[in-house]
Each structure stands twice: as structure tokens, then as C-alpha cells.
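Enquirer: okay, predicted coordinates and the sequence, questions at the end:
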Amino acid sequence: MEDNQQQQEQQQPLFGLEVDHLSKSNLNEASRWARFIAITGFVGLGVVVLLFAIAGAQIADRFSELFRVDAGAGSVLIVVILVAIAICTLWLYFLYKASNLIKKGILASDQKMFNEGLQALKVYFTIGLVFGILGLLGNLMSLF
Amino acid sequence: MEQQQSSLFSNLSFDGAAKQILKAVANTGFLWTLISMISSVLGFISYFVKKDEYEALRRYSTDSVSTGPNLFSLVISLGISILLFTYMNKFNSLTKSAIETNNQDQMNEGLRNLKNYFWVTGIILIIALVLITLGVLIALLAAAS
């Protein structure tokens, strides 16, 4: 019991929690994957925007057919999708910003940059939470 | 030796502000994955509640979008949301506990789970990209022949 307590005390750093070698390694790896996810997301959203630019009219007609609404409603649906794409771009921007700032903060040992990166990650998760709540409401509505 | 030096002279730490932000990151991430998991479970329940309706739609409709979700995609979605929730739950509990008790090992373990969360998301994204590319290629080949 006492040995265990001593061991725990030894594991605790002298000046609080450090971003030690293992923390840096984990955060760097997380940043790398976050960057990959953000860039892939940007490319995917870019492809969707390109598709709308090339075949916007046909897509609006197809939407009208699929959801059995008139042609005007299909165009409104496209506008809604484009707004959603803009929001998703902003969302991914925060992930990209977080990955960049955390990585740079670690490399330069810059506390301010590191904290800003964590802040951007917080915003990314908050927007994700809002999307999650909207998805939950959508599923709840589909139940009744 | 090099590791010890970099740790000794590195002025990067989880200071007061970083701790507060990290706690908020852990909380929101945990809530997000929890809500996503509940949403997936609801989607699953909804499928079984409206199973007859979807099957009737499938029988009489030629549209793939208007026939509702299929069981396979719902199972995959539920599996992914449970996996992501597991990592985020561990990140949340370990990070918050590490901040409260100043435990470096717990902090590292928490961050390892955050890394795993992004790693799993990235791998799922790669698999989805491969499947989409294959689908487009098959569609193009079918259209050409």
C-alpha cells in the first residue's frame, strides 16, 4: 500500500502536469490524423460544390423527383445543402487550425499557440455536438 | 538522455488555461459521441418500428433514396459510434482525473485515447473513400459497357 503511494508520488511531476515526451508523441499523432481528416473533408466538400456547379439544374430536378416536391422546392433544397457545406467547411477549418496550432505549439514549445490549438479543438467538438443534437432530433422525429 | 533533456528544458505544460480548455474538450467530445451513439441506437429502433413500411417502399419503389435506411448501414453506423464513444469516454474520464490529481500517467493515457479516436476516424474515412472510389469506377464501367 505504502509502496504504491510512493510510486504514485514519484510519477507526479515536480511542477504540475507537463507536456512530456509521451504526451507530445500522442498529441502529434492525433494532430496528424486530424489534419488528414480535415484536408480529406475539404476535398470532399470541394468535389460536392464542383458537382453542384457543373450539374446544379439536373441535381435540383432529381431532388424534386426523389422527395416528390415541385421544382422550386428542389432549388431551395440545393441552397440548404450549400449552406450546410459552408457550415461543414467552417467546422473542418477549426479541426485543421487545431491540428496546425497544436503541432506548431509543441515544435516551438509555445504555450500560447498550444492553448489556441486546444481552444480550436474545443470549438470543433462543440460544433460536432450541435450536429449530433440535430441528428438525434432527426432520428427522434422519424420514430413518431 | 535526449528525452530527459527535452522534458527538462521544455517550458510547455498543461497550465491553468490549458487544463480548463482540455476539460471542456473532453466534456464536449464525450457528449458528442454519447449523443451520436444514442442517435444510432434510435435509428436502429426506428428501422425495426418502421420495418414493414420500408419493405413495402422497397417492393413498390425504384428509387434507392426514398426507401429508407438498410440494416447493414445501421449496424456499421452503430458499431462505429460505440467504438468512438469508448475512446472518447476513456479520454474524458482519464484526462479529467489526471487534471484533478496531477497524474502524468493518466494524462498520457487519456491523450493516447484521443489519438486513437482520431486514428479510428481517419481509418474509417480511408475505407469510405476506397468504397466510394470503387463504386464510382464500377458505375463508370457499367455505363461504358
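Expert: Thanks, I have the structure now.

Enquirer: ok, longest helix in chain B?
Expert: Criterion DSSP state H: the longest helix present in chain B is helix B:104-144.

Enquirer: what's it packed up against?
Expert: helix A:21-66, helix B:16-49, helix B:71-101 (3 or more C-beta pairs under 8 Å, 6 or more residues apart in numbering or on different chains; DSSP states H and E). All C-beta atoms are positioned from the backbone trio N, CA, C, and that covers glycine.

Enquirer: quick one: average pLDDT of it?
Expert: Computed over helix B:104-144, the mean pLDDT rounds to 93.

Enquirer: got it, and stretch A:92-103?
Expert: 97.

Enquirer: any stretches of chain A with poor pLDDT?
Expert: A:1-15, A:67-72 (pLDDT under 70).

Enquirer: can we see that at 80?
Expert: A:1-16, A:56-57, A:59-75, A:77, A:142-144 (pLDDT under 80).

Enquirer: quick one on the thing from earlier: next, the angle helix A:21-66 makes with the longest helix of chain B.
Expert: Relative orientation of helix B:104-144 versus helix A:21-66 (axes from the mean of the first three to the mean of the last three C-alpha atoms, to 10 degrees): 30 degrees.

Enquirer: now the residue most central in space within chain B: how far from B:Asn92?
Expert: Geometric centre of chain B, nearest residue: B:Leu84, 3.9 Å, by C-alpha atoms, centre = their mean. Taking C-beta to C-beta, to the nearest Å as the measure, B:Leu84 falls 12 Å from B:Asn92.

Enquirer: with B:Ser13 instead?
Expert: 21 Å.

Enquirer: again, but for A:Leu66
Expert: In terms of C-beta to C-beta, A:Leu66 sits 40 Å off from B:Asn92.

Enquirer: separation between the residue nearest to the centre of chain B and A:Gly128?
Expert: In terms of C-beta to C-beta, B:Leu84 sits 11 Å off from A:Gly128.

Enquirer: go on, A:Leu27?
Expert: For A:Leu27, the distance to A:Gly128 - C-beta to C-beta - is 19 Å.

Enquirer: residues near A:Gly41, how many?
Expert: 18 (other C-beta atoms under 10 Å in any protein chain shown).

Enquirer: with the one 3 residues further on instead?
Expert: By the measure other C-beta under 10 Å, the count of residues near A:Gly44 is 17.

Enquirer: cool, A:Tyr96 as well?
Expert: A:Tyr96 has 19 nearby residues by other C-beta under 10 Å.

Enquirer: ignoring the adjacent residues along the chain, who's closest to it?
Expert: A:Ala38 (3.8 Å; C-beta to C-beta, 6 or more residues apart in numbering or on different chains).

Enquirer: pretty sure the one you found contacts A:Asn100?
Expert: No. Using C-beta atoms under 8 Å, A:Ala38 is not in contact with A:Asn100, being 9.2 Å away.
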